[in-house]
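Engineer: Return a 3D structure for these sequence lines:
(chains A and B, ligands or ions: 1)
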Amino acid sequence: MIYKNRGDKPTKTGFGEGLVDAGFDNKNVIALGADITSSVGVNLFAEKFSKRFFSLGIAEQNCVGVAAGLALSGKIPVFSTYGVFAALRAADQIRISVCYNNLHVLIGGAHAGISVGPDGATHQALEDIAVMRVMPNMTVISPCDATQTRIAVKAAIEKVNGPVYLRFGRNAVPDFTATDQKFKIGKADVLQDGDDMSIIATGHLVWEALKAAEKLWKIGVGARVINLHTIKPIDKNEIIKAARETGAIVTAEEHQIAGGMGSAVAEVVSENHHVPIEFIGMKDSFGESGQPEELLKKYGMSSEAIFEAAKRVLKKKRISTLI
Amino acid sequence: MKQIDNIEELRKISKEIRKDVLTSINAAGSGHTGGSLGLADVFTVLYFNVLNHDPENPNWADRDRLVLSIGHVAPVHYATLARAGYFPLKELKTLRKLGSRLQGHPGKDHGLPGLELSSGSLGQGLSIAVGMALSAKIDKKDRQIFSIHGDGELQEGSIWEAAMSASHHKLDNITAIIDRNHVQIDGKTTDVMKLESLSDKWKSFGWNVINCNGHDHNDLINVLNEAKNYKGKPSVIIAETIMGKGVKSIENNHTWHGKAPSDEELENFVLQLEIY
Ligand SMILES: [Mg+2]
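Structural biologist: I've put the predicted structure just below:
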């Protein structure tokens, strides 16, 4: 593995640290609390900037509307709660109050993916990418580790002038991206080059993709690993390039296959350069309780599952080249 | 903007606004006639007497804010904005037409001056008012935030989330106005989903509650100023109104919630307005 894990760290901690950075940089940043502030990283901001933190209770619809009102008055509000509530319960408020008004509101979607673990299906956000990416004006970001999440928060506040949905996870995962990385919203990171096929991953599964690529190398397959941290606007160039140069793609995300990042990649591929794709993600089912690793394995989102999908897609690629 | 205190003059403006509502909805061929007519007096008093605003400078930072939570009564808002000088009166005829700045429900991105926000999904405006009020408090500005709600809209749970948060944060710079016409699309509010005791509900949510006659300009001026000056709690004005007010033949008739007058009806309604 060419990347080194500096130690496991939850992406939610990166989110909280990023908020604090943003709080120091910009006086207009305001954070809203929906009760679970310490499990979504907002507590760090609240401690540092108590006058710029407002508790609104367990009322997500109101939180989103209040954020819209703040943004209409020139503030940069951040509202963070579990992704299942942020993206789904308040979807209409996000659509009309935030997106139709095209307001610079940062919505943090915590507990992304099945790796939330023991809490079970109700709290595992597996539909949020699909719902958020269909909203006009919305930017959707899904960073891969704590360091990148911290940097992504800063970028979402400084570089975007519209609504942003940023999803992150609960459990500690390898922290490996460079602290001085050039993070650009809408520009995918090619983490490792390869010509035989590409793995396009997002969020926690980027590390799993790197592990799968290492295994593939051992059987003589050079896999390109792309971290698609921005799902919208999507990096069409990098995806088309991967399709053209490697001829086969596996997408990997902790999200329903239907409507998620893989679907977004498929939209680009099918319109521009047709190659076989295998999708790693939830197959139209709810999750359940269990340890993160157990769940990733059971629901086919581990590095082994990516490895197997790579072999399948390579077979399809060979057949299509024979034709 | 210059404040008009003469009640006769305000009444005349309300009548003009009602005519504008009827002619613009007639030209559009669809739209919400009943509620728009019912709110003409409230809008007149707000824009010609109470609000601190400047049609020459719509984005003036210290203006009072008006959040129209019931986007479907956009025609009365548009007519009032035009009468106040935000844009030419003749543009009212473009209501609901392709490429118009006057969308069926307010759409901010279409660039109509004086419009604070897009709205049309019920139950969202009070939360936005809370955000605007918090922002004014953070900046220590004494701008006032007004929001306009339907009575049927109060059946949305999100309104009560917002109501709770406004009193929790002591947002006395909010004045919510309820268009209490006792009707909604399916009929009487008491039959569809009863709201009483409405005053008690708001009181128990920590609000200063004021009742008034939503067609009495004098009463409206008094209560809006009373609300503006009230300290420590947000205020809600429950304005008793009549859907379709000004056109006798359709007053209180809920079937006129979302219907446009035909050419003959327009002629007849304008005549009724004149002799009201
Ligand atoms: Mg009503």
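Engineer: From now on I want contacts and neighbour counts done on CA atoms only, so please keep to that.
Structural biologist: Will do.
Engineer: Kindly export stretch A:45-53 (C-alpha atoms) in CSV.
Structural biologist: The C-alpha coordinates for stretch A:45-53 follow below in CSV (Å, rounded to 0.1, in the frame of the first residue of the first chain):
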residue,chain,number,x,y,z
PHE,A,45,-17.8,24.7,17.2
ALA,A,46,-20.4,25.4,20.0
GLU,A,47,-17.7,25.3,22.6
LYS,A,48,-15.5,27.7,20.8
PHE,A,49,-18.1,30.1,19.4
SER,A,50,-21.0,30.0,21.9
LYS,A,51,-22.5,33.2,20.5
ARG,A,52,-22.7,31.8,17.0
PHE,A,53,-24.3,28.5,18.0
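Engineer: In contact with the residue of the stretch 101-250 of chain A found nearest the ion, which residues?
Structural biologist: Across the stretch 101-250 of chain A, the shortest distance to the ion (C-alpha to the ion) belongs to A:N101, at 25.3 Å. Shown in contact with A:N101 (C-alpha atoms under 8 Å, 6 or more residues apart in numbering or on different chains): B:G107, B:K108, B:D109, B:L117, B:S118.
Engineer: try it again with 6 Å
Structural biologist: Going by C-alpha atoms under 6 Å, 6 or more residues apart in numbering or on different chains, A:N101 touches B:S118.
Engineer: same question, the one 3 residues further on
Structural biologist: Taking C-alpha under 6 Å, 6+ apart as the definition of contact, the neighbours of A:H104 are A:N161, A:G162, A:P163.
Engineer: closest to A:T13 among those residues?
Structural biologist: Nearest to A:T13 among those is A:P163, at 21.7 Å by C-alpha to C-alpha.
Engineer: Can you tell me which residues in chain A are near chain B?
Structural biologist: A:N62, A:G65, A:V66, A:A67, A:A68, A:G69, A:L70, A:S73, A:N101 (C-alpha under 6 Å from any C-alpha of the partner chain).
Engineer: wait, doesn't B:I159 sit right on B:L122?
Structural biologist: No. Counting by C-alpha atoms under 6 Å, B:I159 sits too far from B:L122 to count as a contact (8.9 Å).
Engineer: how much space is there between the closest residue to B:H257 other than its chain neighbours and the ion?
Structural biologist: Leaving out its chain neighbours, the residue that sits closest to B:H257 by C-alpha to C-alpha, 6 or more residues apart in numbering or on different chains is B:G34, at 4.8 Å. Per C-alpha to the ion, to the nearest Å, B:G34 is found 9 Å from the ion.
Engineer: now swap in A:M261 and tell me
Structural biologist: 43 Å.
Engineer: Over to A:A46?
Structural biologist: 40 Å.
Engineer: Longest helix in chain B, please.
Structural biologist: helix B:7-28 (DSSP state H).
Engineer: mind saving the C-alpha coords of that helix as PDB?
Structural biologist: Only the C-alpha atoms of helix B:7-28 are listed here, as PDB (Å, rounded to 0.1, in the frame of the first residue of the first chain):
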ATOM      1  CA  ILE B   7     -57.100  55.800   6.100                       C
ATOM      2  CA  GLU B   8     -59.200  56.900   3.100                       C
ATOM      3  CA  GLU B   9     -56.100  56.900   1.000                       C
ATOM      4  CA  LEU B  10     -55.100  53.500   2.200                       C
ATOM      5  CA  ARG B  11     -58.600  52.100   1.400                       C
ATOM      6  CA  LYS B  12     -58.300  53.500  -2.100                       C
ATOM      7  CA  ILE B  13     -55.000  51.700  -2.500                       C
ATOM      8  CA  SER B  14     -56.500  48.400  -1.300                       C
ATOM      9  CA  LYS B  15     -59.300  48.800  -3.800                       C
ATOM     10  CA  GLU B  16     -56.700  49.300  -6.600                       C
ATOM     11  CA  ILE B  17     -54.700  46.300  -5.400                       C
ATOM     12  CA  ARG B  18     -57.900  44.100  -5.500                       C
ATOM     13  CA  LYS B  19     -58.600  45.200  -9.000                       C
ATOM     14  CA  ASP B  20     -55.000  44.400  -9.900                       C
ATOM     15  CA  VAL B  21     -55.400  40.900  -8.300                       C
ATOM     16  CA  LEU B  22     -58.600  40.300 -10.400                       C
ATOM     17  CA  THR B  23     -57.200  41.500 -13.700                       C
ATOM     18  CA  SER B  24     -53.800  39.700 -13.300                       C
ATOM     19  CA  ILE B  25     -55.400  36.400 -12.400                       C
ATOM     20  CA  ASN B  26     -57.900  36.800 -15.200                       C
ATOM     21  CA  ALA B  27     -55.100  37.400 -17.600                       C
ATOM     22  CA  ALA B  28     -53.200  34.400 -16.300                       C
END
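Engineer: tell me the mean pLDDT over the next helix or strand after it?
Structural biologist: Downstream of helix B:7-28, the first helix or strand assigned by DSSP states H and E is helix B:33-38. Average pLDDT, helix B:33-38: 97.
Engineer: Centre of the chain to helix B:33-38, how far?
Structural biologist: The chain centre lies 10 Å from the centre of helix B:33-38; the measure is C-alpha atoms, centre = their mean, to the nearest Å.
Engineer: contacts for it?
Structural biologist: Here helix B:33-38 makes contact (C-alpha under 6 Å, 6+ apart) with B:R18, B:V73, B:V76, B:I242, B:M243, B:G244, B:K245, B:W256, B:H257.
Engineer: Contact partners for the closest residue to B:A162 other than its chain neighbours?
Structural biologist: Once flanking residues are discounted, B:A162 sits nearest to B:S127: 5.0 Å by C-alpha to C-alpha, 6+ apart. Counting by C-alpha under 6 Å, 6+ apart, B:S127 touches A:N62, A:G65, A:V66, B:A162.
Engineer: same thing but at 10 Å, please
Structural biologist: By C-alpha atoms under 10 Å, 6 or more residues apart in numbering or on different chains, the residues touching B:S127 are A:61-70, A:93, A:97, B:67, B:69, B:133, B:147, B:158-163, B:165-166.
Engineer: Any buried residues in the strand or helix carrying it, and which?
Structural biologist: Using DSSP H and E, B:S127 maps to helix B:125-138. Buried positions in helix B:125-138, judged by neighbour count with 16 or more other C-alpha atoms under 10 Å in any protein chain shown: B:125-137.
Engineer: average model confidence for it?
Structural biologist: On average, helix B:125-138 scores 98.
Engineer: Endpoint to endpoint, stretch A:111-119 covers what distance?
Structural biologist: 10 Å (C-alpha to C-alpha, to the nearest Å).
Engineer: List the buried residues in that stretch.
Structural biologist: A:H111, A:A112, A:G113, A:I114, A:S115, A:V116, A:G117, A:D119.
Engineer: three-state assignment of the nearest residue to the last one once chain neighbours are set aside?
Structural biologist: Excluding its sequence neighbours, the residue lying closest to A:D119 (C-alpha to C-alpha, 6+ apart) is A:S289, at 5.9 Å. In the three-state summary, A:S289 is assigned as coil, counting by DSSP: H, G, I helix; E, B strand; the rest coil.
Engineer: B:P261 now?
Structural biologist: At B:P261, secondary structure determined by three-state DSSP is coil.
Engineer: okay, the angle between the following helix or strand past the helix holding B:S127 and helix B:125-138?
Structural biologist: Using DSSP H and E, the helix or strand that follows helix B:125-138 in sequence is strand B:145-150. Interaxial angle of strand B:145-150 relative to helix B:125-138 (axes from the mean of the first three to the mean of the last three C-alpha atoms, to 10 degrees): 170 degrees.
Engineer: Good, wrapping up.
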